[in-house]
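Student: got a structure for you, letters missing:
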């Protein structure tokens, strides 16, 4: 989270000094099934700690496969009025550090996220291949994106 906040500070400084402001995407990593970031924050705390930047999108990438990431995407979506991004790994790494989840399995999980109204942008991280990305894109093509809540305090 400290790195994300430093990056936010730096980009906001650039927007003030040199560049026209652009939308910001913020992605965090939940490191294991405990639901914590590397700095020990919960997903909710991560969202709260970076929300001052008013990101266009916020979400998660890496460390977990889609199945393991789902509960944390659900929680993050309840904490923000931003669009939700989700870029899971191709499952959890096996004992050799490889990823065994097929494109079809990853795509099915992300399609379920989309059908349940959890996400706006999906993709892949570690272990995903061009075949994974093609399958994901095809699977969510007809899905409606998450509807942004007007407020998170309902």
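Tutor: Received the coordinates, thanks. The model shown is predicted, which means the values in this text are computed figures rather than measured ones.

Student: just the helices in the chain please.
Tutor: 2-17, 43-50, 66-78, 103-115, 130-140 (DSSP state H).

Student: Mean pLDDT added to these, as CSV?
Tutor: What follows is the helices of the chain, written out as CSV (pLDDT from 0 to 100):
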stretch, mean pLDDT
helix 2-17, 92
helix 43-50, 93
helix 66-78, 94
helix 103-115, 97
helix 130-140, 98
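
Student: Tell me which of those lies nearest to residue 153.
Tutor: Residue 153 sits nearest to helix 66-78 of all these, at 10.5 Å, using CB to CB. Yep, even glycine has a C-beta here, placed from its N, CA and C like the rest.

Student: how distant is that closest one from the center of its chain?
Tutor: Helix 66-78 has its C-alpha centroid displaced from the chain centroid by 9 Å (CA atoms, centre = their mean, to the nearest Å).

Student: before we move on, what about stretch 135-145?
Tutor: The answer for stretch 135-145 is 16 Å, by CA atoms, centre = their mean.

Student: quick check: longest strand of this structure.
Tutor: Secondary structure assigned by DSSP state E gives strand 57-65 as the longest strand of the chain.

Student: Rounded mean pLDDT for that one, please.
Tutor: The average pLDDT within strand 57-65 is 92.

Student: Parallel or antiparallel, list what pairs with that strand.
Tutor: Using DSSP bridges, strand 57-65 pairs in its sheet with strand 25-28 (parallel), strand 83-89 (parallel).

Student: Most tightly packed of those strands?
Tutor: Among those, ranked by average contacts under mean count of other CB atoms under 10 Å, first place goes to strand 83-89 (a mean of 24).
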